[in-house]
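**Student:** Compute the structure for the input listed below.
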Amino acid sequence: MLAVAGDDGSLTAGLLLAAGQGRRLGLGPKAFVQFDGETLLERAVARLRRVGVDVIVAVLPSGPDPVCLPAGLIVVRNPHPETGPL
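**Tutor:** Below is the predicted model:
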């Protein structure tokens, strides 16, 4: 997770790099793994919002999402997640 804030009252943006396939974990894409009743993506978004991040962009794997994405999330797709990080 990365969050950037301006001192002049500008919006704070957060970037979630969440396009991993989770091959070593063996449970599918890590962003969509459930933990304590929510996905890891939902947990990360909630924490960024809790600390005042205004705009959240997530890089996710290509293809259909197995869960409903958090409202207001800007999504960028990694078209070739099998090749590793962009």
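
**Student:** Just to check, residue 19 is in contact with residue 59?
**Tutor:** Yes: using C-beta atoms under 8 Å, residue 19 is in contact with residue 59, at 4.8 Å. To be clear about C-beta, it is placed using only N, CA and C from the backbone, and glycine gets the same treatment.

**Student:** Please identify the buried residues of the top strand by length along the chain?
**Tutor:** In the chain, with assignment by DSSP state E, the single longest strand is strand 55-61. Across strand 55-61, burial judged by 16 or more other C-beta atoms under 10 Å covers 56, 58-61.

**Student:** Stretch 14-23 now?
**Tutor:** 14-20, 22.

**Student:** Then stretch 71-86?
**Tutor:** 73, 78, 81.

**Student:** Contacts made by that stretch with the rest, please.
**Tutor:** The contact list for stretch 71-86 (C-beta atoms under 8 Å, 6 or more residues apart in numbering) reads 17, 19-21, 29, 45, 55-62, 69.

**Student:** count of neighbours near residue 29?
**Tutor:** 22 (other C-beta atoms under 10 Å).

**Student:** Over to residue 35?
**Tutor:** That count, for residue 35 with other C-beta under 10 Å as the rule, works out to 9.

**Student:** Surely it is in contact with residue 43?
**Tutor:** Yes: applying C-beta under 8 Å as the test, residue 35 and residue 43 come out as touching, 6.7 Å apart.
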